[in-house]
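Participant: I need the structure of the sequence given here:
(one chain, ligands or ions: 1)
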Amino acid sequence: MPDQDLSRYSLETRLVHEGERGPESGWRPTSMPIYATSTFLYERTADLDAAFEASEGRYVYSRYGNPTIAGLEAAVAAAEGAQGALACGSGMAALHIALLAAGTPRGAMEPHPRHILAARDLYGSTYTLLRDFFAAQGTPVTYCDVSDLGALEATLEQVRPDVVLIETLSNPLLRVADVPAIAERTRAAGARLVVDATMTTPILSRPLLQGADLVVHSATKYLGGHGDVVGGILAARTSLVLDTARRYARLLGAILGPFEARLIARGVKTLALRIRQQCANALAVARWLREHPRVARVIYPGLEDHPQHHIAARNFSGLFSAMVTFEVAGAGREDIFALIDRLRLILPATSLGDIYTLVSYPAISSHRDVEPDDRQALGITDGMLRLSIGIEDVADIIADLDQALAR
Ligand code: PLP
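Facilitator: Here you go, the predicted structure:
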């Protein structure tokens, strides 16, 4: 075992080693330390050998596992009712690994699913991942309106996918997927269901307990919650799928760093409090917007006129998300630019899920690459804005919208 007392070494050597490996002495830190270490030391080489063999709780090298990252994974696994979770470098990395793992049958590691069936209105980069990575490498991808369960059954029957990918809540139209119904049909067709639950979080719904095989989050959003970190996490219903995902993540190096893991784990501690406040604020903002003379349309799953309000009421926990989409009557691009520039509190930042209220203009952000006619056909108009409601006093959020809409 390396020396604890380094006094006999030279200055140069002590600068390298001093203070790094304090003795364990019967105390424990109250909160999870950031284990900023790439490797782990053992008393004897036989212990190191055993650690290489162990699948959990022993650490050798941080690409394989690290206690700070494991702490975050344990918290999210518990929240999702999962067998375990795997933290990744971003939401996109988590989606990539989830799709690979879902498409890997028992035992063998096969680099690609046979056929992916995906919801039609996915997050833009997810769509690009399917097109420029999976489809380009030979995995056929078929899209389907998963809100039409008859169409879903027919497509499952026709293309026989091994992986189905959906989002709990779509962006920016906030369509609600009926996860239990989709999971039942996916399982009957012999495929695995991957659910991107970034927008809803385990506070609104727990897709694994509703029949999904894998749940994915961009932890950059609500889990982190403070707009200061990029990360992703997946949680799996079975250890078989989880172990497969871990093997892919190790090989591809798609892991999260311990500093980011700690920031996200800290965010997770206040997730329930933040989400409840954000959802309450969102409902108030949606109701206020609905009465505003310049607002042509408000999309919020908590409003009774939302087309899937009944699904949200049945499948969610009584909360209806903190996302509100609305359309300014007769507004074009110039009007929306001017309106956004008038906002004084609400931030025009390209993300969601932060404690701050954010506004996004889908025509120039999430749906920038979609042709204007196609955008229109999808129902995403040039007067449409999406709000991600924060934890501020709702009266201040409404006052900011009011003054921006006034002119
Ligand atoms: N999934 C959804 C629904 C998202 O909104 C995003 C990012 O906006 C992602 C996945 C990708 O996450 P990240 O940016 O952390 O890679």
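Participant: Give me the buried positions along stretch 54-68.
Facilitator: 58-60, 62, 64-68 (16 or more other CB atoms under 10 Å). Glycine gets a C-beta too; all of them are placed from N, C-alpha and C.
Participant: Return the residues of the chain in contact with the ligand.
Facilitator: Residues of the chain that fall close to the ligand, judged by CB under 6 Å from any ligand atom: 90-92, 123, 125-126, 167, 196, 198-199, 218, 220, 230, 232.
Participant: So which of those is the closest to Arg386?
Facilitator: Set against Arg386, the nearest of the residues of the chain next to the ligand by CB to CB is Met199 (10.8 Å).
Participant: so how many other residues sit close to the closest one?
Facilitator: Using other CB atoms under 10 Å, Met199 has 24 neighbouring residues.
Participant: Contacts only, for the residue of the chain found nearest the ligand.
Facilitator: Minimum separation of the chain from the ligand (CB to the nearest ligand atom) falls at Gly91, amounting to 2.3 Å. Taking CB atoms under 8 Å, 6 or more residues apart in numbering, we find Gly91 in contact with 196, 198, 216-221, 231-232.
Participant: Top of the residues you listed by number of neighbours, please.
Facilitator: Of all these, the most densely surrounded is His217 (33 neighbours; neighbours counted as other CB under 10 Å).
Participant: so is it in a helix, a strand, or just coil?
Facilitator: Classification of His217 using DSSP: H, G, I helix; E, B strand; the rest coil returns strand.
Participant: neighbouring contacts of the helix or strand of the chain with the lowest mean pLDDT?
Facilitator: Least confident helix or strand, the chain: helix 372-378 with a mean of 82, by mean pLDDT, DSSP states H and E. Residues from elsewhere that reach helix 372-378 (CB under 8 Å, 6+ apart): 121, 173, 362-363, 367, 370, 381-382.
Participant: Pull up the gap between the nearest residue to Leu100 once chain neighbours are set aside and Thr104, please.
Facilitator: Closest residue in space to Leu100, ignoring its immediate chain neighbours: Tyr248 at 5.0 Å, by CB to CB, 6 or more residues apart in numbering. Going from Tyr248 to Thr104 by CB to CB, to the nearest Å gives 8 Å.
Participant: could I get the residues of the chain next to the ligand as TSV with distance to Ala75?
Facilitator: Listed next are these as TSV, based on distance: CB to CB, whole Å:
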residue	distance to Ala75
Ser90	19
Gly91	17
Met92	22
Tyr123	24
Ser125	26
Thr126	25
Glu167	22
Asp196	19
Thr198	17
Met199	19
Ser218	16
Thr220	17
Val230	18
Gly232	15
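Participant: Let me know the closest of the residues you listed to Glu43.
Facilitator: Nearest member of the residues of the chain next to the ligand to Glu43, counting by CB to CB, is Gly232, at 35.3 Å.
Participant: Show me where the protein dips below the pLDDT cut-off.
Facilitator: Applying pLDDT under 70 to the chain picks out residues 22-24, 107-108, 111.
Participant: Let me see the domain layout of it.
Facilitator: 63-269, 271-406 (automatic domain parsing).
Participant: gap between the two ends of the last one?
Facilitator: The one in question is domain 271-406. End-to-end distance for domain 271-406: 34 Å, by CA to CA, to the nearest Å.
Participant: quick one on the thing from earlier: need the residues of the chain next to the ligand in JSON lines (columns: secondary structure).
Facilitator: Formatted as JSON lines, the residues of the chain next to the ligand follow (three-state DSSP):
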{"residue": "Ser90", "secondary structure": "coil"}
{"residue": "Gly91", "secondary structure": "helix"}
{"residue": "Met92", "secondary structure": "helix"}
{"residue": "Tyr123", "secondary structure": "coil"}
{"residue": "Ser125", "secondary structure": "helix"}
{"residue": "Thr126", "secondary structure": "helix"}
{"residue": "Glu167", "secondary structure": "strand"}
{"residue": "Asp196", "secondary structure": "strand"}
{"residue": "Thr198", "secondary structure": "coil"}
{"residue": "Met199", "secondary structure": "coil"}
{"residue": "Ser218", "secondary structure": "strand"}
{"residue": "Thr220", "secondary structure": "coil"}
{"residue": "Val230", "secondary structure": "coil"}
{"residue": "Gly232", "secondary structure": "strand"}
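Participant: Tell me how far the closest residue to Ala329 other than its chain neighbours lies from Ala212.
Facilitator: Using CB to CB, 6+ apart and skipping the chain neighbours, the partner closest in space to Ala329 is Ala296 (4.0 Å). Distance, Ala296 to Ala212, by CB to CB: 35 Å.
Participant: So these two - more neighbours on which side?
Facilitator: The neighbour comparison of Ala296 against Ala212 (other CB under 10 Å) goes to Ala212, with 30 against 15.
Participant: Help me confirm that the more buried one is found in a helix?
Facilitator: No. Assigned with three-state DSSP, Ala212 falls outside any helix and is coil.
Participant: Quick one: residues contacting it.
Facilitator: Shown in contact with Ala212 (CB under 8 Å, 6+ apart): 179, 183, 193-195, 237.
Participant: Kindly recompute the last result at 6 Å.
Facilitator: Counting by CB atoms under 6 Å, 6 or more residues apart in numbering, Ala212 touches 183, 193, 195.
Participant: any idea which of the domains of the chain is most buried?
Facilitator: Greatest average neighbour count among the domains of the chain goes to domain 63-269 (a mean of 21), per mean count of other CB atoms under 10 Å.
Participant: Arg386 belongs to a strand, doesn't it?
Facilitator: Yes. The assignment for Arg386 (three-state DSSP) places it in a strand.
Participant: Pro172 is in contact with that one, correct?
Facilitator: Yes. Using CB atoms under 6 Å, Arg386 is in contact with Pro172, at 4.1 Å.
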